[in-house]
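1. Okay, predicted coordinates and the sequence, questions at the end:
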Amino acid sequence: MKADVSFSDCVRHLYVSKLNQVKKVFSYGIRDWLSRNDHFIVTETGNDYVRITYYDETELLGALAFDINRLSCAFLESTINVRESAVNNKFLAWILIQYYYSAFYSAHSIIKILGFGLVQLDNTIIRRLSDKANISGIAWQMQTKQGVYCVDFNIQNHEIVLYNIKRYDDSHRGLWKRFFEVLNVITGEYVVSNTYENDCVRMRNSNESYPLSLFNKVEHQDALESINRLDELKDNLNVRGDSNWLSGIRNVINYNHGLGSWFPYQDSFVSYKEVIKLKSMCFENFLCDSFNTTIDDILVKYVKTCQLINALNFDLLCDLKKRNPDSKSFLQEYVFRFYSEYCDTNN
């Protein structure tokens, strides 16, 4: 393993512009910014998208920063609270659910940092955007109502575009589809088409360049090592061909009480010690050998996959904090305060 290669080295070029400069911690996220802020106008609409011009980038980036803070604190709390039961070392089901949600929160945080974030819009927000369009004399053409929307940031032009893509319009399946496709952009298999249609992220043609991939940012050998690990992650997510494997395992445990994780437990207890031991893996470099998931134990494989996603997020958080020019990152008051109070003592 190349200890000096990090996930952030591979994807720093994708960060939402100026996010590392944010210092002020806001008390609301993107959804609330859309529902109560008046410092923007609607400038264009289409069947499934709306373009917004905003006046104060501090407010917009602060709202994005709030979402990253809340998601990442939730990931940390979900993992650090994993512990052996004082009653029975077969009580595994809720621990496995905790790991799932830690990765779910981290995946959302990662794609928000990299500019591929999703946001849930309800009909109240849609109506507000429609009203703002009417005030500005913009024809409201959107057919789509409430649902999950992609958020495209153009900080240089003070614009964001919210657009609805059917395959992402599901709180869990949609998130994992989006995350999987972002990984494919990073590894150079997919490209971003800069449209707001179904091909917004699509498979790359063989003769097409891939400027957003990590090949353009790290040395070739380092890129290959990183891609091998990210391909391993993608293979796990896509084991059933739908990029939804983690959520599928969560559903089997949560709704079907499968995999022997509930009483009478069957053989799942043999994974118990290993699953507990993996709680601090999220603070390791993503290239560490401990993240190797070519193993037969499905529950350990599942937890390692969750923790690999958490490790990717934690690395981005550390990098963003380090790159604040005034050493006053928005992450210090929440994510890293939580980390220093609860996580350092548990490693």
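-> Nice, thanks for sending it over. Numbering: from 1, shown residues only.
2. The helix or strand encompassing residue 310 - contacts with which helices or strands?
-> Using DSSP states H and E, residue 310 sits within helix 298-322. Where contact means 3 or more CB pairs under 8 Å, 6 or more residues apart in numbering; DSSP states H and E, helix 298-322 is packed against helix 7-11, helix 57-80, helix 93-113, helix 220-237, helix 245-254, helix 272-277, helix 335-338. To be clear about C-beta, it is placed using only N, CA and C from the backbone, and glycine gets the same treatment.
3. if we go to 7 Å?
-> helix 7-11, helix 57-80, helix 93-113, helix 220-237, helix 245-254, helix 272-277 (3 or more CB pairs under 7 Å, 6 or more residues apart in numbering; DSSP states H and E).
4. Tabulate those (CSV), appending mean pLDDT and distance to residue 314.
-> What follows is those, written out as CSV (pLDDT from 0 to 100; distance: least, CB to CB, whole Å):
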stretch, mean pLDDT, distance to residue 314
helix 7-11, 98, 9
helix 57-80, 97, 8
helix 93-113, 97, 8
helix 220-237, 95, 15
helix 245-254, 97, 18
helix 272-277, 91, 18
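5. Of all those, which one comes closest to residue 333?
-> helix 57-80 (8.0 Å; CB to CB).
6. on that earlier part again, now mean neighbour count and distance to residue 152 too, for the helices and strands packed on helix 298-322, in a markdown table please.
-> Shown next, in a markdown table, are the helices and strands packed on helix 298-322 (neighbours: other CB atoms under 10 Å; distance: least, CB to CB, whole Å):
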| stretch | mean neighbour count | distance to residue 152 |
| --- | --- | --- |
| helix 7-11 | 23 | 17 |
| helix 57-80 | 22 | 13 |
| helix 93-113 | 24 | 12 |
| helix 220-237 | 17 | 23 |
| helix 245-254 | 20 | 25 |
| helix 272-277 | 16 | 38 |
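7. could you dump those helices to TSV with distance to residue 203?
-> Below are these laid out as TSV (distance: least, CB to CB, whole Å):
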stretch	distance to residue 203
helix 7-11	20
helix 57-80	29
helix 93-113	19
helix 220-237	13
helix 245-254	20
helix 272-277	36
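8. Sweet, I'm off.
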